[in-house]
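Asks: below are the sequence and a predicted model for it; my questions follow.
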Amino acid sequence: MAITIEETLDGRGLTYIGEGALTGQELLDAIDRVRSFGEKPHHWLFCLHDFTAMETLACSSDDIRAVAQKDKNLLALIFPAGSVIAVVTPKDHHYGLARMWQVYAEETKWETGVFRSRIEAEQWIREQVWSGFGIKVLSLEHR
């Protein structure tokens with residue numbers, strides 16, 4: 001699978017790492033994987049989607065809309081309002097699709113950001129989690 005999903009070392013968040021050629025269906029399937037991610041209750045405050053190594057994304061605007069709708073229906077139960085969601089994607093076309101998702105996902109009431117570098121996204125996550133929850137993010141590395 002081209003998307004790896006891991007819990008961060010401190011248990012406060014998730015990282016998605018997308019590599020190679022991805023499809024809209026793989027983005028949708030990843031949401032289902034998060035929903036079934038273990039049996040214990042989770043207290044995730046953030047999620048970092050790193051698509052820096054993504055080469056291609058075969059995905060339409062309808063696919064992006066479907067991803068946002070599925071996020072609203074399923075992931076909003078896991079990541080409550082105020083959760084911090086960052087997407088990293090340096091390529092122009094992928095960046096545009098991520099911004100489209102950001103608009104469609106506004107109803108989740110998440111704090112969302114789209115970035116071209118992981119360093120910028122990590123700093124933003126730390127700032128947003130601190131300002132929103134008063135908690136320091138100790139690690140963005142996964143287990």
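Replies: Arrived safely.
Asks: roughly how far out does the longest strand anywhere in the chain sit from the chain middle?
Replies: Taking DSSP state E as the assignment, the strand of the chain that covers the most residues is strand 46-58. For strand 46-58, the gap between its own C-alpha mean and the chain's C-alpha mean amounts to 9 Å (C-alpha atoms, centre = their mean, to the nearest Å).
Asks: was I right about Ala2 contacting Ile17?
Replies: No - taking contact to mean C-beta atoms under 8 Å, the distance of 9.2 Å between Ala2 and Ile17 leaves them out of contact. In short, each C-beta sits where N, CA and C put it, glycine included.
Asks: residues contacting Gly20?
Replies: Remark: with contacts taken as C-beta atoms under 8 Å, 6 or more residues apart in numbering, Gly20 is in contact with Ala2, Ala53, Met54, Glu55, Thr56.
Asks: what kind of secondary structure is it in?
Replies: Secondary structure state of Gly20, per DSSP: H, G, I helix; E, B strand; the rest coil, is strand.
Asks: any idea what it is bridged to?
Replies: Beta bridges link Gly20 to Met54, judged by DSSP bridges.
Asks: pLDDT score assigned to it?
Replies: In this prediction, Gly20 carries a pLDDT score of 96.
Asks: and what of the one 4 residues further on?
Replies: Gly24 carries a pLDDT score of 94 in this model.
Asks: ok, for it, nearest residue in space, not its chain neighbours?
Replies: Leaving out its chain neighbours, the residue that sits closest to Gly24 by C-beta to C-beta, 6 or more residues apart in numbering is Asp63, at 2.9 Å.
Asks: please identify the helix or strand for that neighbour.
Replies: In this assignment (DSSP states H and E), Asp63 forms part of helix 61-73.
Asks: got the CA coordinates for that helix in CSV?
Replies: Taking Å, rounded to 0.1, in the frame of the first residue of the first chain, the C-alpha atoms of helix 61-73 are listed here in CSV:
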residue,chain,number,x,y,z
SER,A,61,-12.2,16.8,-7.8
ASP,A,62,-15.1,14.4,-7.1
ASP,A,63,-12.7,12.1,-5.4
ILE,A,64,-11.4,14.9,-3.2
ARG,A,65,-15.0,15.8,-2.3
ALA,A,66,-15.7,12.2,-1.4
VAL,A,67,-12.6,12.1,0.8
ALA,A,68,-13.7,15.3,2.6
GLN,A,69,-17.3,13.8,3.0
LYS,A,70,-15.9,10.6,4.5
ASP,A,71,-13.6,12.6,6.8
LYS,A,72,-16.7,14.5,8.0
ASN,A,73,-18.7,11.3,8.5
